[in-house]
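1. dropping the sequence and predicted coords here.
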Amino acid sequence: MSDKSYLDWPFFDARHKELEQQLDAWAALHLKDAHGIDADDSCRKLVKLLGDGGWLRHAVGGTAFGGAGGTIDTRAICILRETLARHEGLADFAFAMQGLGSGAISLFGTDAQKHAYLPKVSRGEAIAAFALSEPQAGSDVAAMACAAEFVENPDGGDYVLNGEKTWISNGGIADFYVVFARTGEQPGARGISAFIVDAGTPGFSIAERIDVIAPHPLARLKFDHCRIPATQRIGEGGQGFKVAMATLDVFRTSVAAAALGFARRALDEALARATSRQMFGQALADFQLTQAKLAQMATGIDSSALLTYRAAWQRDQGRNVTKEAAMAKMTATETAQQVIDAAVQMFGGLGVVSGVPVERLYREIRALRIYEGATEVQQLIIARELLKGLK
Ligand code: COS
């Protein structure tokens, strides 16, 4: 049984505690065998399951568009991700990508775009994806090469997209992609715009499916004279970089929450192991070496939780969280890696057997230190915000 005392921290309202209790009970019932052999199939089923359960309402903003509240509730998203990750990594992935993939629409979309996409995302009837990274532009987003050229016509114009995107989660199974492309209003970050591209649009294709250590749908996308109406642009032309960064400000904090969920599960597993495994005439937990490890694990988890929910609360207050989200993501993902590694060590040989919980966690945590801004990018962001504050 995980430590739930954090839900009494002043960051939360009563509804957040209720949300965790309801989801925890639902997940125990519905997510036991949710991880099938085929990742695509499992993800599709999980999106539907989460939609039917009403949980995806928290991934989108606006009650008129299927959302649970008027705006995105970062603390609710974090609680959902933490709880899902503790139960089943792929369920957390399915939830998170619905949110990240549609986040730009929730935050910056027109009412028509929100009506067209968000209710389906919230019901689990449309799968969303966020397409930002490119083979030569991962951390350095402003270096992106994928281009969208505006072509005038009597209907308000079209954009024609050419280029590639890679490491795109839900690539291959998504029904629509929020794609960032260079529109050239100004050089660098000020010349990028965001678009919604439906799967099946002529000129759009999946160039390659990518297998990773914790299997989930991932692909490289190709745009070859892919024409979309200008009404599919999200926000103003040239504002795409800010759209991407503001979306990441929400979801980076939620990556920290997912890492926290993985770490809590690892600590639960480690505690169960340490108290049940006998060696040299005593339980593993009776050794001071084990106790020191457990203390470090628990303290790391609480530090991560404090940073994560500070960032989530601060964003829900309407304040800037660029630095706080970066601190939370960096600390929670790096700490979770150490906590999970310590848990594997306590299991000994059993810890590396394919399919046991700590082995799965060990594979699952690794990517979180890389995606949505690697640890090194978070360090860059934190330092820049500090130095900016001096000016
Ligand atoms: N919210 C809103 N606006 C933001 C912002 C944020 N969090 N961060 C930056 N901006 C704005 C800046 O204010 C600036 O606006 P002006 O041009 O009006 O001054 C503009 O965006 C450009 O910002 P900046 O100069 O900081 O751009 P850089 O190219 O130097 O940004 C970093 C560098 C590293 C911060 C950025 O590229 C980044 O976050 N990279 C990681 C991306 C990532 O997570 N990739 C993984 C893909 S998702 S799996």
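-> Received it, and whenever you're ready, just let me know what you need.
2. could you pull up the residues touching Phe11?
-> Arg75, Tyr309, Arg310, Ala312, Trp313 (C-beta atoms under 8 Å, 6 or more residues apart in numbering). Bear in mind the C-beta positions are built from the backbone N, C-alpha and C, glycine included.
3. of the residues you listed, closest to the ligand?
-> Closest approach to the ligand among the contacts of Phe11 (C-beta to the nearest ligand atom): Ala312, at 15.2 Å.
4. where does the closest one sit, in terms of helix or strand?
-> According to DSSP states H and E, Ala312 maps onto helix 288-316.
5. after that helix, next one along is what?
-> helix 322-347.
6. that next one packs against which elements?
-> In terms of contacts (3 or more C-beta pairs under 8 Å, 6 or more residues apart in numbering; DSSP states H and E), helix 322-347 is packed against helix 240-276, helix 288-316, helix 357-366, helix 375-390.
7. and the contacts of the last one?
-> Outside of helix 375-390, the residues within contact range by C-beta under 8 Å, 6+ apart are Ser139, Arg252, Thr322, Lys323, Ala326, Met327, Lys329, Met330, Thr333, Glu334, Arg369, Gly373.
8. could you check how far the most centrally placed residue in the chain is from the ligand?
-> With distances taken as C-alpha atoms, centre = their mean, the residue of the chain nearest its centroid is Ala96 (4.4 Å). Using C-beta to the nearest ligand atom, to the nearest Å, Ala96 is found at 11 Å from the ligand.
9. enumerate every residue touching that residue.
-> Arg81, Phe251, Ser254, Val255, Ala258.
10. next, it: secondary structure please.
-> helix (DSSP: H, G, I helix; E, B strand; the rest coil).
11. try Phe150
-> strand.
12. now do the contacts for it.
-> Contacts of Phe150 (C-beta under 8 Å, 6+ apart): Gly157, Asp158, Tyr159, Thr183, Ala230, Gly237.
13. give me that answer again for 10 Å
-> Listed by C-beta atoms under 10 Å, 6 or more residues apart in numbering, the contact partners of Phe150 are Gly157, Asp158, Tyr159, Val160, Thr183, Gly184, Ser193, Ala230, Arg233, Gly237.
14. which residues does it bridge with?
-> Tyr159 (DSSP bridges).
15. give me the pLDDT for it.
-> In the predicted model, Phe150 carries a pLDDT score of 98.
16. on that earlier part again, can you redo the helices and strands packed on helix 322-347 as JSON lines with mean pLDDT and distance to the ligand?
-> Below are those laid out as JSON lines (pLDDT from 0 to 100; distance: least, C-beta to the nearest ligand atom, whole Å):
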{"stretch": "helix 240-276", "mean pLDDT": "97", "distance to the ligand": "3"}
{"stretch": "helix 288-316", "mean pLDDT": "98", "distance to the ligand": "11"}
{"stretch": "helix 357-366", "mean pLDDT": "98", "distance to the ligand": "14"}
{"stretch": "helix 375-390", "mean pLDDT": "96", "distance to the ligand": "5"}
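17. need the winner for burial among those helices.
-> For the helices and strands packed on helix 322-347, the largest average neighbour count (mean count of other C-beta atoms under 10 Å) is found in helix 240-276, namely a mean of 24.
18. so how far is the helix or strand containing Gln22 from its chain's centroid?
-> Assigned by DSSP H and E, Gln22 belongs to helix 14-30. Relative to the centre of its chain, helix 14-30 is centred 19 Å away, using C-alpha atoms, centre = their mean, to the nearest Å.
19. what's the mean pLDDT across it?
-> 97.
20. cool, and stretch 55-68?
-> For stretch 55-68, the per-residue pLDDT averages 97.
21. over to stretch 154-164?
-> Rounded mean pLDDT across stretch 154-164 is 97.
22. list the buried residues of that stretch.
-> Judged by neighbour count (16 or more other C-beta atoms under 10 Å), stretch 154-164 contains these buried residues: Asp158, Tyr159, Val160, Leu161, Asn162, Gly163, Glu164.
23. re the thing from before, gap between the residue nearest to the centre of the chain and Gly191?
-> Separation of Ala96 from Gly191 (C-beta to C-beta, to the nearest Å): 29 Å.
24. picking up where we left off before, of the contacts of Phe150, which is the nearest to Leu56?
-> Taking C-beta to C-beta as the measure, Arg233 is the one of the contacts of Phe150 closest to Leu56, at 24.8 Å.
25. please report phi then psi for Pro217.
-> phi -60, psi 130 (degrees, to the nearest 10).
26. wait, it touches Leu46, no?
-> No: Pro217 sits out of contact with Leu46 when judged by C-beta atoms under 10 Å, with a separation of 11.1 Å.
27. which parts of the stretch 51-200 of the chain sit against the ligand?
-> Contact residues (C-beta under 6 Å from any ligand atom) of the stretch 51-200 of the chain with the ligand: Leu132, Ser133, Gly138, Ser139, Asp140, Val141, Ala142, Ala189, Arg190.
28. most surrounded residue in these?
-> Neighbour tally across these (other C-beta atoms under 10 Å): the maximum, 26 neighbours, falls on Leu132.
29. tell me the bridge partners for the nearest residue to it once chain neighbours are set aside.
-> Nearest residue to Leu132, sequence neighbours excluded (C-beta to C-beta, 6 or more residues apart in numbering): Phe180, at 5.1 Å. For Phe180, the beta-bridge partners under DSSP bridges are Ala194.
30. hang on, the earlier thing: any chance of the buried residues of stretch 154-164 in JSON lines, with distance to Lys293 too?
-> Output for the buried residues of stretch 154-164, formatted as JSON lines (distance: C-beta to C-beta, whole Å):
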{"residue": "Asp158", "distance to Lys293": "59"}
{"residue": "Tyr159", "distance to Lys293": "54"}
{"residue": "Val160", "distance to Lys293": "57"}
{"residue": "Leu161", "distance to Lys293": "51"}
{"residue": "Asn162", "distance to Lys293": "52"}
{"residue": "Gly163", "distance to Lys293": "48"}
{"residue": "Glu164", "distance to Lys293": "44"}
